[in-house]
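In: Generate a structure from the sequence data that follows.
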Amino acid sequence: MITLAELHKGDVAIILQILSNMLRFVGISMLVPAIVSYFYGELLYAQLFFEMAIILIVVFSILYSILGHREAKFKHAVIAIALGWFLVGLIGMFPFLPFGMQPVDAFFESMSGWSTTGLTMVQRPEELPYSLNFWRGFIQWLGGFGIVILALMLYERPKTAQELFHAEGRTEDFYTNLFKIARIIVGIYLIYTILGIILFLISGLNLFDATIHSFTCIATGGFSTNSVGIGIYGHAAMASAIIIMLAGGISFVSHRELMKGNIKGFFSNPEVKFLFVMLISSTLLIFLSSTIKEQIFDQFFYAVSALTGTGATSTLAVNTLPPAAVFVLIMLMVCGACYGSTAGAIKLWRILIVFKVIRREIYKALLPQNAVLPIKIGGKTIPDENALNAIAYFALYIMLLLFGSIVFMLAGYGTVESIFTVASAQGNVGLNVISGARWFGMNAALKILLSFHMILGRMEIIPFLVMLKSFGIIKRP
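Out: Sure, this is the predicted structure:
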């Protein structure tokens with residue numbers, strides 16, 4: 001565990017500098033929905049987005065200049081990331097307020113977007129102005145990059161960039177130059193976004209809907225422009241979504257290998273193999289538990305949607321699935337997809353490590369006491385320290401999930417509903433088994449709790465705990 005001294009004035013200045021760069025980029029990004037709003041003749045939103053963009057760019061550019069060039073350490077990076085996700089959630093809520101959304105609902109929607117979760121407080125997205133539907137999809141698309149990758153595109157100091165990159169848990173190592181890594185990630189992301197738009201257009205969607213659904217599928221976000229989901233457009237659109245969701249759930253390192261023509265290397269990746277094993281086995285379990293055998297495609301779709309953390313839906317409502325199928329979806333949402341992808345949750349790499357540790361402990365009981373049993377995955381030896389970190393993260397993740405679930409149960413929700421909902425929020429998934437007034441009329445405190453779980457899931461918990469430790473909220477053991 002990282003131990004930090006109390007924050008000093010110099011630490012605060014460095015953190016503010018990093019945040020300034022992140023929020024300056026958010027301001028630049030807001031020019032895009034301003035242009036879209038103007039194109040659709042929604043001048044109120046065009047003005048709102050433009051004014052917010054100018055304010056963010058000017059204020060944080062000035063602050064950035066005043067603070068000057070400062071070298072960041074790892075502790076500064078993790079605290080900035082933790083604060084950054086809260087701040088982008090707060091900033092992102094303002095465009096929803098003119099539509100009449102309550103502040104808590106607007107924050108929930110914004111946080112769900114930026115964290116690529118997909119749970120929504122909008123009952124009928126098809127009634128939203130084009131500007132807001134675009135904003136919802138766009139912030140999920142940006143959230144899929146991660147605010148750190150976005151900030152790296154403008155960063156000035158290699159050391160600060162490196163600390164930020166590692167603080168967000170990034171493991172890509174195409175090159176030692178992190179700016180090249182950021183550009184490659186953005187390039188891969190854009191390629192799949194364009195592919196998604198083309199596939200959805202071929203599937204019969206108009207350009208606006210195709211763009212938004214491509215945004216939210218590659219970001220493994222799940223927001224839709226309608227209240228049903230991508231399934232309303234038919235099986236061709238769902239098949240297109242599956243392709244893009246899987247692309248979003250597989251690491252950028254693996255995509256790099258695929259684009260270099262190393263197909264064997266791509267499919268020999270232990271995480272990729274594990275992902276497809278999980279999908280096939282979970283689909284079979286859902287199929288065996290279901291009484292509607294002709295809906296096997298929808299069931300496979302939901303397995304992909306849950307494991308990749310997308311939360312995209314079909315015309316088959318999740319709450320109509322049998323309890324065993326719902327339980328399988330919970331397991332998939334907790335596991336998550338590949339490390340270094342746009343998906344949330346625990347990640348398959350950590351799950352593989354946990355399985356290997358359990359296997360080693362069983363073998364230890366059968367072998368001589370001095371036997372050496374290294375943990376290996378895909379021919380790579382995993383140090384015991386890394387294995388311990390994975391187990392600790394796994395345990396912490398489950399503890400927080402259970403805490404949130406108990407709160408929901410105390411509020412009157414059923415056991416399965418509670419666990420499913422919190423698992424969906426913390427895993428940044430977006431699938432939902434609570435419907436109607438019981439969902440949209442949820443107590444404001446529960447909405448804030450779910451927003452909290454979304455943030456925890458998106459920034460992988462540890463930066464949040466480091467921030468609390470730095471502010472003295474968590475004491476040294």
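In: for this structure, what helix or strand is lowest in average pLDDT?
Out: One helix or strand of the chain scores below all others by mean pLDDT, DSSP states H and E: helix 158-167, with a mean of 59.
In: Could you list the low-pLDDT ranges of the stretch 1-150 of the chain?
Out: Where the stretch 1-150 of the chain drops to pLDDT under 70, the residues are 1-9, 147-150.
In: Please repeat the previous calculation with a cut-off of 90.
Out: 1-22, 24-25, 64-86, 143-150 (pLDDT under 90).
In: Going along the chain, name the helices of it.
Out: For the stretch 1-150 of the chain, helices defined by DSSP state H, counting those that start in this stretch occupy the ranges 9-29, 31-39, 43-67, 74-93, 103-114, 130-145, 147-152.
In: out of the ones you listed, which comes closest to residue 429?
Out: Nearest to residue 429, of all those, is helix 103-114, at 10.5 Å by CB to CB. For every residue, glycine as well, the C-beta is placed using N, CA and C.
In: Are there helices or strands packed against that closest one, and which ones?
Out: The helices and strands touching helix 103-114, judged by 3 or more CB pairs under 8 Å, 6 or more residues apart in numbering; DSSP states H and E, are helix 74-93, helix 130-145, helix 444-458.
In: can those helices go into a markdown table with extra columns for mean neighbour count and distance to residue 405?
Out: Formatted as a markdown table, the helices and strands packed on helix 103-114 follow (neighbours: other CB atoms under 10 Å; distance: least, CB to CB, whole Å):
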| stretch | mean neighbour count | distance to residue 405 |
| --- | --- | --- |
| helix 74-93 | 23 | 22 |
| helix 130-145 | 25 | 24 |
| helix 444-458 | 21 | 10 |
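In: if we can go back for a sec, tell me the buried residues in the following helix or strand past the least confident helix or strand of the chain?
Out: Once helix 158-167 ends, the next helix or strand along the chain (criterion: DSSP states H and E) is helix 178-202. Under the neighbour-count criterion of 16 or more other CB atoms under 10 Å, helix 178-202 has 178, 181-186, 188-189, 192-193, 195-197, 199-201 buried.
In: Could you check how far helix 178-202 is from the centre of its chain?
Out: 17 Å (CA atoms, centre = their mean, to the nearest Å).
In: same thing with stretch 264-275?
Out: For stretch 264-275, the distance to the chain centre is 21 Å (CA atoms, centre = their mean).
In: Equivalent analysis for stretch 232-241, please.
Out: Per CA atoms, centre = their mean, the centroid offset for stretch 232-241 relative to its chain is 22 Å.
In: Quick one: closest of the helices and strands packed on helix 103-114 to residue 291.
Out: helix 444-458 (30.9 Å).
In: Give me the contacts around that closest one.
Out: By CB atoms under 8 Å, 6 or more residues apart in numbering, the residues outside helix 444-458 that reach it are 85-86, 89, 102, 104-105, 107-108, 111-112, 114-117, 119, 121, 143, 344-345, 400, 404, 407-408, 411, 421-422, 425-428, 464.
In: Likewise for stretch 390-399?
Out: Here stretch 390-399 has contacts from 334, 345-346, 349-351, 353-354, 357, 426, 460-462, using CB under 8 Å, 6+ apart.
In: Which of these scores worst on pLDDT?
Out: Lowest pLDDT within the contacts of stretch 390-399 is found at residue 462 (70).
In: sorry, back to before: any chance of CSV for the helices of the stretch 1-150 of the chain, columns distance to residue 395?
Out: Below are the helices of the stretch 1-150 of the chain laid out as CSV (distance: least, CB to CB, whole Å):
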stretch, distance to residue 395
helix 9-29, 29
helix 31-39, 40
helix 43-67, 38
helix 74-93, 20
helix 103-114, 25
helix 130-145, 27
helix 147-152, 26
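In: and of those helices, who's closest to residue 218?
Out: helix 130-145 (6.3 Å).
In: from the chain's centre, how far out does that closest one sit?
Out: On the basis of CA atoms, centre = their mean, helix 130-145 is displaced by 13 Å from the centre of the chain it belongs to.
In: so what does it touch, helix or strand wise?
Out: helix 31-39, helix 43-67, helix 103-114, helix 178-202, helix 207-218.
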